[in-house]
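>>> Fold the following for me, if possible:
(2 chains)
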Number of protein chains: 2
Amino acid sequence: MSQPEAQTAAILGGGVIGGGWAARFLLSGWNVNVFDPDPEAERKLSEVLANARRSLPGLYENDLPEEGRLVFCSTLEEAVCDARWIQESVPERLELKQAVLADVQKYCATDAIMASSTSGFKPSQLQEGLNKPEQLIVAHPFNPVYLLPLIELVGDSETSKTAAELLRSIGMFPLLVRKEIDAHIADRFLEAVWREGLWLIKDGIATTQEIDDAIRYGFGLRWAQMGLFETYRVAGGEAGMAHFIAQFGPALEWPWTKLMDVPELTDELVADIAAQSDEQSGQYSIRQLERIRDDNLVGIMRALKQRNWGAGEVLNHQDARLKRRLAKVAGGIEDEVKAEPVVTIERAIPVDWTDYNGHMNESRYGQVFSDAADAIMELIGADQGYIAGGLSYFTVENRIRYIDEAVAGDRIYVKSQVLMGEGKKLKVLHEMYHRDGRLLATDEQMMLHVSLETRKSCPPDGIVLENTEKLAKAHSGLAVPDYVLS
Amino acid sequence: MSQPEAQTAAILGGGVIGGGWAARFLLSGWNVNVFDPDPEAERKLSEVLANARRSLPGLYENDLPEEGRLVFCSTLEEAVCDARWIQESVPERLELKQAVLADVQKYCATDAIMASSTSGFKPSQLQEGLNKPEQLIVAHPFNPVYLLPLIELVGDSETSKTAAELLRSIGMFPLLVRKEIDAHIADRFLEAVWREGLWLIKDGIATTQEIDDAIRYGFGLRWAQMGLFETYRVAGGEAGMAHFIAQFGPALEWPWTKLMDVPELTDELVADIAAQSDEQSGQYSIRQLERIRDDNLVGIMRALKQRNWGAGEVLNHQDARLKRRLAKVAGGIEDEVKAEPVVTIERAIPVDWTDYNGHMNESRYGQVFSDAADAIMELIGADQGYIAGGLSYFTVENRIRYIDEAVAGDRIYVKSQVLMGEGKKLKVLHEMYHRDGRLLATDEQMMLHVSLETRKSCPPDGIVLENTEKLAKAHSGLAVPDYVLS
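Next up is the predicted model:
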């Protein structure tokens, strides 16, 4: 697999956030230089990286590029000197950040992007004392950085624009914050909720468990796909937002006056919260909770992917990029079709495809073969545009043989060979392999070309028929395995 | 299908919230009496009901009971007189609610549960003037009520306990709020966020779109599965909650002082919000947005179901209830096994199973047959406990023929016939039917009994082998369709 020359990201501070950045860049094919004086940095980062390797690749229906090279640097200069992107994630102390950033600017390229992960500081505060302040922006991520798409970008609009493009290329969703304020946008909400939560605990109204349940069984589900305003727009009904606000605005105002005070974070309150949290989640280790969270997030984002909505739309955009790059079948049929099976699928097994036996569920083998058939359809010109025009292929029979197992994270590929392509009939043999060479399953698939209007079979359009016959002819000399039923 | 005698719920006020309650009860097999003097009530409720019928049944892997009877009543007395549950969802005005509730208590059974959907009032306020105040509780739902599981229960602990049990039986998650306060728990957070959102818009920091994006691409995804505190517990790492608060508490405190004021809801601000919302979502009608939201929620909740976490765990509990009730295969093999195919699946097609052709994707046919095989396994005693003991069945071959289409919401069933059951071999023929009698697909499935330790085939345990042979013998006299390959 040929790759464009890898770029380098420098990660300053390798904790949970820095480690997440490192994983996101590495798994997107970037080389990563880490600088962190903490003697435990390498161990900590390797744990974040293990989580990311387990969950991130399975978000996509296409293989990610080969991982970049990870280097732990002993000096800041070494880390940043050849970096295209420099991400500062050191502790949230202004003087410390300012000192690190001033150092970075001594050694980095003048066109490198310098970004801070700060959740609270404004770019103008961080830029104090920098020779080239516009080189530094805030790029505020959300934990786990290797899964959640949101990045708040604050600062110079030109630098932010370049940064946004680059972040999109590694699958993220940059939100350009137009005016700098303390805590940007999202954390304003988190703080408002946090403060309210502290009050509820302090006043003995609710425990951490009860508060979390009030979120995750109700509005938390809504907010994973629409935010506050779109949700209320729908609730307001046909009359729209102005109606909603008019109707509910006054009611929402009542308790406000009681929410104004800030509860003091006494030792007692901290101890109460910690005890309630132990009671709520203490049966899991942090490591276990991380995996539960990541598996949930993968499942949720992949569900949204199928709806092409919100975070799922971001995943689909990234898949389109990954596919273009690999370009195995996207180009359609060349005049010279090779006499060899087509590689129709190259992907990782997502965590949501496994079952109680601990391996990929049989129905997901079927899904991979269904995707392989889509790739063949695309190759012969029966692509999304063609389907939108009212023609498609329906599968009438699959004979799937399950040879070996695959588990979450495994990388697989499928080779597809046309056994018959005449008129409205298209018969394809798919063989699924593990990257280590093991044959995992085979599928003999019979498809019929149909009209989506009449839902009955009909001959394909000219170019599709021509391509089908061309491909069938090219594959006609290939050996047909013994196991294939005539 | 025999059903226990249906209970009756009275729905007072049939708007978005009341309609959602009506749909939840109806689709759970309750009879529903609606009282709403609005001449448009019937039309409005039918729209909510249409959305619910489209989305709710597909949350489960088992059929819901038959729908109850829906009656629009011309008087409040008629609506509540025979009701087990009375849900008040009239507009959010205290005197109105008090008057309606006093009326209800004149006519309802003394052991009926009276519940108010109020998002702001305390039970003690609503109980003023009631003869039997403890009969009334707050049962505060979240829109869409037919999908979101959370109900905040506030009020008398005995009444709440009975109410909680009843709500669980219709698939909801009751959260018992121990102390009454304005706006209960969840809406405290919604109000805090709402107020902060108003500030951001008023100050020109962010638009409704930018605010929604800041939520749904970041923490909204986290909150669909863990809440505020469990999320922070994970972020805090091994050191736990006390560490997290110590580390981030001070930083979170800084901007608080600026968040204390309440923005005035001027006409100008309302107009700004409405215009931004039109810009953001105006390309969709409210009806379209409702369906997008519902499809997303179904996808998210079903993803969590697979992880058995949060809202998904609630769905699994409900499926266990639905299954026990239908009890087709749960009881294991009786001594007298009938010489007829076993009904292994009865369910609705969820929206997340359809593809670009507008029908159930081929891989989901495979999933239904995989679930049918699980039911057969359970019948012969190869259930979850057996699998936990290290033994299971793996499928080695499926031959699936696709005969006809099914779309989201269709109700289907599968009949399964054992073709061979000898030693470690188990061959089953599954036939999938639409409820209207159409044959949709067939599957000849060959399974092998395996050790999950060695991942190799081995003979089943005694009782499983015995049951397999018993079932195979009972089915040995059944006709085998011509299409079956030997």
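
>>> Show me what residue A:395 is bridged to.
residue A:447 (DSSP bridges).

>>> quick one: contacts for it?
A:370, A:373, A:445-447, B:362, B:402 (CB atoms under 8 Å, 6 or more residues apart in numbering or on different chains). (Each C-beta comes from the backbone N, C-alpha and C, glycine too.)

>>> out of these, which are inside helices?
Cross-referencing the contacts of residue A:395 against helices under DSSP state H gives A:370, A:373, B:362.

>>> For the first one, give me its contacts.
Same thing as residue A:370. Contacts for residue A:370 (CB under 8 Å, 6+ apart) come out as A:395, B:361-363.

>>> Sort the contacts of residue A:395 by pLDDT and name the bottom one.
Among the contacts of residue A:395, residue B:362 has the lowest pLDDT, at 90.

>>> tally of neighbours for the residue lying closest to residue A:351 once chain neighbours are set aside?
Nearest in space to residue A:351, with sequence neighbours left out and distances taken as CB to CB, 6 or more residues apart in numbering or on different chains, is residue A:408 at 4.4 Å. Residues lying near residue A:408 (other CB atoms under 10 Å in any protein chain shown) number 20.

>>> Quick check: the gap between residue A:408 and chain B.
Relative to chain B, residue A:408 is positioned 12 Å away (CB to the nearest CB, to the nearest Å).

>>> Can you get me a residue count around the closest residue to chain B within the stretch 1-150 of chain A?
Here the residue of the stretch 1-150 of chain A nearest chain B is residue A:150; by CB to the nearest CB that distance is 3.5 Å. For residue A:150, the neighbour count with other CB under 10 Å is 25.

>>> thought it was touching residue A:175?
Yes: counting by CB atoms under 8 Å, residue A:150 does reach residue A:175; the two are 6.3 Å apart.

>>> got any residues that touch both of the two?
Shared contacts of residue A:150 and residue A:175 (CB under 8 Å, 6+ apart): B:213-214, B:217.

>>> Name the nearest of these relative to residue B:88.
residue B:214 (35.7 Å; CB to CB).

>>> Quick check: next helix or strand after the host helix or strand of the closest one?
Per DSSP states H and E, residue B:214 falls inside helix B:208-214. Going down the chain from helix B:208-214, the next helix or strand is helix B:220-223, by DSSP H and E.

>>> Which elements pack onto that following helix?
For helix B:220-223, the helices and strands in contact under the criterion 3 or more CB pairs under 8 Å, 6 or more residues apart in numbering or on different chains; DSSP states H and E are helix A:220-223, helix A:286-307.

>>> Could you rerun that using 10 Å?
helix A:186-202, helix A:220-223, helix A:286-307, helix B:208-214, helix B:228-236 (3 or more CB pairs under 10 Å, 6 or more residues apart in numbering or on different chains; DSSP states H and E).

>>> Next, the angle helix B:228-236 makes with the strand or helix carrying residue A:26.
Per DSSP H and E, residue A:26 falls inside helix A:16-27. With axes from the mean of the first three to the mean of the last three CA atoms, to 10 degrees defining the directions, helix A:16-27 sits at 70 degrees from helix B:228-236.

>>> can you give me how far helix A:16-27 is from the chain middle?
13 Å (CA atoms, centre = their mean, to the nearest Å).

>>> That one near chain B anywhere?
Yes: remark: helix A:16-27 sits within contact range of chain B at A:16-17, by CB under 10 Å from any CB of the partner chain.

>>> In its sheet, which strands sit next to the helix or strand that that helix is followed by, and in what direction?
Where DSSP H and E defines the elements, the next helix or strand beyond helix A:16-27 is strand A:31-35. Here strand A:31-35 is paired, per DSSP bridges, with strand A:8-12 (parallel), strand A:70-72 (parallel).

>>> Give me the buried stretch members for the longest one, please.
Read that as strand A:8-12. A:8-12 (16 or more other CB atoms under 10 Å in any protein chain shown).

>>> Just the CA atoms of it, as CSV, please.
Provided in CSV are the C-alpha atoms of strand A:8-12 (Å, rounded to 0.1, in the frame of the first residue of the first chain):
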residue,chain,number,x,y,z
THR,A,8,5.0,14.7,11.9
ALA,A,9,3.1,15.9,15.0
ALA,A,10,4.8,16.9,18.2
ILE,A,11,2.9,16.0,21.4
LEU,A,12,4.0,18.0,24.4
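
>>> low pLDDT regions in the stretch 101-250 of chain A?
Where the stretch 101-250 of chain A drops to pLDDT under 70, the residues are A:238, A:247-250.

>>> 80 - rerun?
In the predicted model of the stretch 101-250 of chain A, residues A:236-250 satisfy pLDDT under 80.

>>> can you pull up the bridge partners for the residue of the stretch 1-150 of chain A closest to chain B?
Legend: beta-bridge partners of residue A:150 under DSSP bridges are residue A:173.

>>> so what does the helix holding residue B:214 touch, helix or strand wise?
Using 3+ CB pairs under 10 Å, 6+ apart: helix B:208-214 touches strand A:150-154, strand A:173-177, helix A:186-202, helix A:228-236, helix B:186-202, helix B:220-223, helix B:267-281.

>>> Residue numbers of the stretch 1-150 of chain A in contact with chain B?
With the criterion set to CB under 10 Å from any CB, the stretch 1-150 of chain A comes near chain B through A:15-17, A:44, A:47, A:91-93, A:118-121, A:140-144, A:147-150.

>>> again, 8 Å this time
Residues of the stretch 1-150 of chain A found near chain B (CB under 8 Å from any CB of the partner chain) are A:16, A:92, A:119-120, A:142-143, A:148-150.

>>> top of those residues by neighbour count?
For the residues of the stretch 1-150 of chain A next to chain B, the largest number of neighbours (other CB under 10 Å) sits with residue A:149, at 29 neighbours.

>>> wait, what's in contact with the closest residue to residue A:209 other than its chain neighbours?
Closest residue to residue A:209 apart from its sequence neighbours, by CB to CB, 6+ apart: residue A:280 at 4.0 Å. Neighbour list for residue A:280: A:207-209, A:212, B:229-230 [criterion: CB under 8 Å, 6+ apart].
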